[in-house]
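Colleague: I'd like to go over a predicted model; first the sequence, then the structure.
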Amino acid sequence: METITPPKQEFMAKFTRQEPLARDSTAIVHAKKCLRMYFYRIVLGFTERTTKPYFRFGSSYHVFMETLERSWYNPVTKIGDKDYKNEKHIHLALQAAVKRFGKNDPPVGSQWDFQTSGKLVASCLKAYKKWQNEKRVGAIEVIGIEQEFEIVLSDGKTRRGGKSDQFLKWNSELGARDWKTSSQTKQKFERGIDPNDQFDGYLLGLSHLANEHVGFLLVDTLFNRKPTKSDPGGPDIEVFTVTKTPWQLAQFEKECILYESLIDRAREKDIWPMEQSQCWSCIYRSVCRKGTENAQMNQLESEFRVEPWDYKTLDQRYTV
């Protein structure tokens, strides 16, 4: 991963700067929320010591969908079997998902105790039936799996990066697909998908990559929730479609360049201001409340671990 050499390093100078040269959606959203949050996570690389429990479930489901598609056709190795009735697809994909999930279910009574290995398998089997039907119909052609991009925007210097779950054609139109898992209601989830920096960034990046307009993204979403007497809690799958016109993507690109200039200014001054309206839900709140710079650095070291941000290797998209 290429990183930026800071022009000035005065604030928390003892820490190594690890800011990536290209910003993906997660990095930019951190900056949009709070430049101090961006500094802690993206520049210094401090993150929580333990991963949120729901990431394991979402990551495992994502591995299932990726393996399923690669077992159908791998554009790199040319190995695959384009027979949607061949059960090797489901066996390979389930094996990969269960391996990622691990042996232990969440503790009974915890917030995420419904995200069990059994629920994962049930979710995967439901997704497999949907996948089989898609292959039978044949309207969607997957042309890229885990499609990376790193582009330079129209100002000649702003770099935008990302990795879309799928780059595809649907009835000859170019588009993308992102796998999501959620425990929200469908109505609440849908409110967060448009506008959405991640999805707009995928469409902008893939449009640059293809040198033509990529105007739609399928948000293929698996819903699971705590079961009740009247609600089994899923799994349910629903596909939402995000569409963007060329004008919308051009406006989004201008906004990306503007935010980059704000980050540039903070880096030049080595001043990373807090956005106090975000403090109530921020994991770094305990750090910013400390009364001295040394105390803040000690809090970062004691409460968090260092893991440099790299969108190419880190799981970052599975649960919203």
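Modeller: Perfect, I can see it now. Residues are numbered from 1 along each chain as shown.

Colleague: So I143 versus L209, what's the distance?
Modeller: Separation of I143 from L209 (CB to CB, to the nearest Å): 11 Å. In short, each C-beta sits where N, CA and C put it, glycine included.

Colleague: now do I237
Modeller: With distances taken as CB to CB, I237 is found 28 Å from L209.

Colleague: Between these two, which has more neighbouring residues?
Modeller: L209 (18 against 14; other CB atoms under 10 Å).

Colleague: Quick one: residues contacting the closest residue to the more buried one other than its chain neighbours.
Modeller: Leaving aside its chain neighbours, L209 sits nearest to F149 (4.9 Å; criterion: CB to CB, 6 or more residues apart in numbering). Counting by CB atoms under 8 Å, 6 or more residues apart in numbering, F149 makes contact with R160, G161, G162, K163, S164, G205, L206, H208, L209.

Colleague: and the fourth one, what is it in contact with?
Modeller: Each residue near K163 by CB under 8 Å, 6+ apart is listed here: D24, E146, Q147, E148, F149, Y311, K312.

Colleague: Which residue, other than its chain neighbours, is closest to F304?
Modeller: Nearest to F304 is F46, by CB to CB, 6+ apart, at 4.2 Å.

Colleague: Tell me, how many residues neighbour that neighbour?
Modeller: Neighbours around F46, by other CB under 10 Å: 23.

Colleague: partner residues bridging it?
Modeller: Using DSSP bridges, the beta-bridge partners of F46 come out as V306.

Colleague: wait, what's in contact with it?
Modeller: Taking CB under 8 Å, 6+ apart, one finds Y40, Y284, L300, F304, R305, V306 in contact with F46.

Colleague: Return the distance of it relative to L125.
Modeller: 39 Å.

Colleague: Can you tell me which of the contacts of F46 are buried?
Modeller: Y40, Y284, L300, F304 (16 or more other CB atoms under 10 Å).

Colleague: Does the first one belong to a helix, a strand or coil?
Modeller: Reducing the assignment at Y40 to three states with DSSP: H, G, I helix; E, B strand; the rest coil gives helix.

Colleague: Pretty sure G234 sits against Q115.
Modeller: No: assessed by CB atoms under 8 Å, G234 is found out of contact with Q115, at 10.5 Å.

Colleague: Those two: which is more packed in?
Modeller: Between G234 and Q115, Q115 has the larger neighbour count (other CB under 10 Å), namely 27 against 20.

Colleague: show me the contacts for the closest residue to the more buried one other than its chain neighbours.
Modeller: Sequence neighbours aside, F57 is the residue nearest to Q115 in space, at 4.1 Å (criterion: CB to CB, 6+ apart). For F57, the contact set (CB under 8 Å, 6+ apart) comprises F101, W112, Q115, K119, L120, T181, N224, T319.

Colleague: doesn't the fifth one fall inside a helix?
Modeller: Yes: when the secondary structure is assigned by three-state DSSP, L120 falls within a helix.

Colleague: ok, it - how many residues close by?
Modeller: L120 - counted by other CB under 10 Å - has 26 other residues nearby.

Colleague: Can you check the pLDDT for it?
Modeller: The predicted local distance difference test score for L120 is 97.

Colleague: can you pull the contacts of it?
Modeller: F57, S60, Y61, A97, V98, F101.

Colleague: Could you measure from the first one over to S71?
Modeller: Distance, F57 to S71, using CB to CB: 21 Å.

Colleague: The last one now?
Modeller: Shown here: F101 relative to S71, a distance of 18 Å by CB to CB.

Colleague: Find the nearest non-adjacent residue to Q18, please.
Modeller: Leaving out its chain neighbours, Q18 is closest to P308 (CB to CB, 6+ apart), at 4.3 Å.

Colleague: what residues are up against that neighbour?
Modeller: By CB under 8 Å, 6+ apart, the neighbours of P308 are M1, Q18, P20, G45.

Colleague: what's around the last one, how many residues?
Modeller: One way to gauge burial is a neighbour count; for G45, by other CB under 10 Å, it gives 20.

Colleague: now the strands: where do they sit in the stretch 1-150 of the chain?
Modeller: 46-48, 140-152 (DSSP state E, counting those that start in this stretch).

Colleague: An error on my part: the question was meant for the stretch 201-320 of the chain.
Modeller: Under the criterion DSSP E, counting those that start in this stretch, strands of the stretch 201-320 of the chain are mapped to 216-223, 236-243, 304-306.

Colleague: Figure out how far the first one is from the centre of its chain.
Modeller: Strand 216-223 sits 13 Å away from the centroid of its parent chain (CA atoms, centre = their mean, to the nearest Å).

Colleague: tell me the pLDDT at D315?
Modeller: Value for D315, per-residue pLDDT: 55.

Colleague: what do you get for K88?
Modeller: At K88, the model reports a pLDDT of 90.

Colleague: Distance across stretch 154-174, terminal residue to terminal residue?
Modeller: Stretch 154-174 has an end-to-end distance of 22 Å (CA to CA, to the nearest Å).

Colleague: Much appreciated, bye for now.
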